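In: Sharing a model that was predicted from the sequence below.
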Amino acid sequence: MEMRKLDVFCKVVELKSFTRAAEAMLLSQPTISEHIRYLEEELEQKLVDRLGRTVEVTPAGQILYGYARKILQTRREALQAIEQYSGKLVGRIMLGCSTIPGTYILPGLIGGFRKQHPSIKASLSINSSRIISKKVLAGGLEFGVVGARWNDNGLSWSEIFSDELTLAVHPAHPWASRKNVSLQDVIQEPFILRERASGTRKVFSEILEKNGLKESSLQEVAEIGSTAAIKEAVKAGIGVSVLSRRAVRDEVDCGRLVTVKIHGNRMYRPFYLIQRKNRELSPVVSVFLEYLKLHEDQVANADQ
């Protein structure tokens, strides 16, 4: 089996579409179809079913997909190892992050790393912590940086960065001139919640419980699944919200939002580096992870 055909097959399975696979790989749709047909003839098995515009993988296709991913990953690692032996560091880093580290931490670190190693490319996927962990476990991502932790025997977790949360209000809000407010003040004010899977919401909910309050005590006016959208809602005067200090830094600097402390509560949460247990990292990922660990203090200082 040719590597290129396996690569095409994996892309069709992942995107569930011949058309999207063709667009992603800069090939024509007939070429994609020909590669799949060749594999099916070689293996004497039907690998995918076309259901209208959607493609579903068959049981035989599922088996091939699992092995094809391993074959392609091993090939990438072999090429990287040879390049590293020759004194070069090349390859692509496949990582995933939850919203805050993916938007406000990793892009700058990737940029700094590429200045040292210009041949490196990076694919950064931003999604919920649960989805990123599933992709790491399945082998689609080599590692992730997420804002929540739970028990999963297939993953290893280690703290790598941290995040400070803050109450964000409109500049014309009565609290904008105050240094701090109490939780009792907060529960009486129109409040914008993040979605239930959000790490930010989880941390704030735990703070409420620690102080004898419940999330249901809040005067909820909206539940929004995006940090950017919540910032716009606060700027529109819909309510107040708890957000990452990193996420509101630019708005605070230009006077479009104001941050206020909640008296007696420092709201910090860790971010975790997650990896699949017993997976051997590619040379480029090993070097990048060392780079991340060396720059933990730099990231922490930037948050102050």
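Out: Now that the structure is in, tell me what you want to look at.

In: For stretch 169-187, give the mean pLDDT please.
Out: Rounded to a whole number, the mean pLDDT of stretch 169-187 is 94.

In: Show me what it is in contact with.
Out: Applying C-beta atoms under 8 Å, 6 or more residues apart in numbering, the contact partners of stretch 169-187 are 167, 207-208, 211, 213, 217-219, 234-235, 237, 240, 255-265. Just so you know, the C-beta spots here come from the backbone N, C-alpha and C atoms, and that holds for glycine as well.

In: Mind checking which of the residues you listed are buried?
Out: 167, 207-208, 213, 217-218, 234, 240, 257-260, 262, 265 (16 or more other C-beta atoms under 10 Å).

In: just how off-centre is the one helix or strand Gly66 maps to within its chain?
Out: Remark: Gly66 resides in helix 59-85, with elements defined by DSSP states H and E. Mean-position distance between helix 59-85 and its chain equals 23 Å (C-alpha atoms, centre = their mean, to the nearest Å).

In: helices or strands up against it?
Out: helix 3-15, helix 29-43, strand 91-97, helix 283-294 (3 or more C-beta pairs under 8 Å, 6 or more residues apart in numbering; DSSP states H and E).

In: so after the longest strand along the chain, what's the next helix or strand?
Out: Of all segments of type strand in the chain, defined using DSSP state E, the longest is strand 155-169. Where DSSP H and E defines the elements, the next helix or strand beyond strand 155-169 is strand 180-181.

In: in its sheet, what does that following strand sit against?
Out: Its sheet considered, strand 180-181 pairs with strand 258-262 (parallel) by DSSP bridges.

In: Could I get the average pLDDT for the helix holding Gly66?
Out: For helix 59-85, mean pLDDT rounds to 83.

In: got the angle between that helix and helix 29-43?
Out: Relative orientation of helix 59-85 with respect to helix 29-43: 100 degrees, computed using axes from the mean of the first three to the mean of the last three C-alpha atoms, to 10 degrees.

In: doesn't Ser128 make contact with Gly102?
Out: No - between Gly102 and Ser128 there is no contact under C-beta atoms under 8 Å: 10.6 Å.

In: Tabulate the helices and strands packed on helix 59-85 (a markdown table), appending mean pLDDT, mean neighbour count and distance to Lys135.
Out: Listed next are those as a markdown table, based on pLDDT from 0 to 100; neighbours: other C-beta atoms under 10 Å; distance: least, C-beta to C-beta, whole Å:
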| stretch | mean pLDDT | mean neighbour count | distance to Lys135 |
| --- | --- | --- | --- |
| helix 3-15 | 90 | 19 | 11 |
| helix 29-43 | 92 | 16 | 23 |
| strand 91-97 | 89 | 23 | 6 |
| helix 283-294 | 87 | 17 | 15 |
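
In: Figure out the helix or strand that Val242 lives in.
Out: Here Val242 is assigned to strand 241-244, by DSSP H and E.

In: could you point out which element follows that strand?
Out: Moving toward the C-terminus from strand 241-244, the next helix or strand (DSSP H and E) is helix 245-253.

In: Any buried residues in that following helix, and which?
Out: Neighbour counts over helix 245-253 (16+ other C-beta under 10 Å) mark 245-248, 251 as buried.
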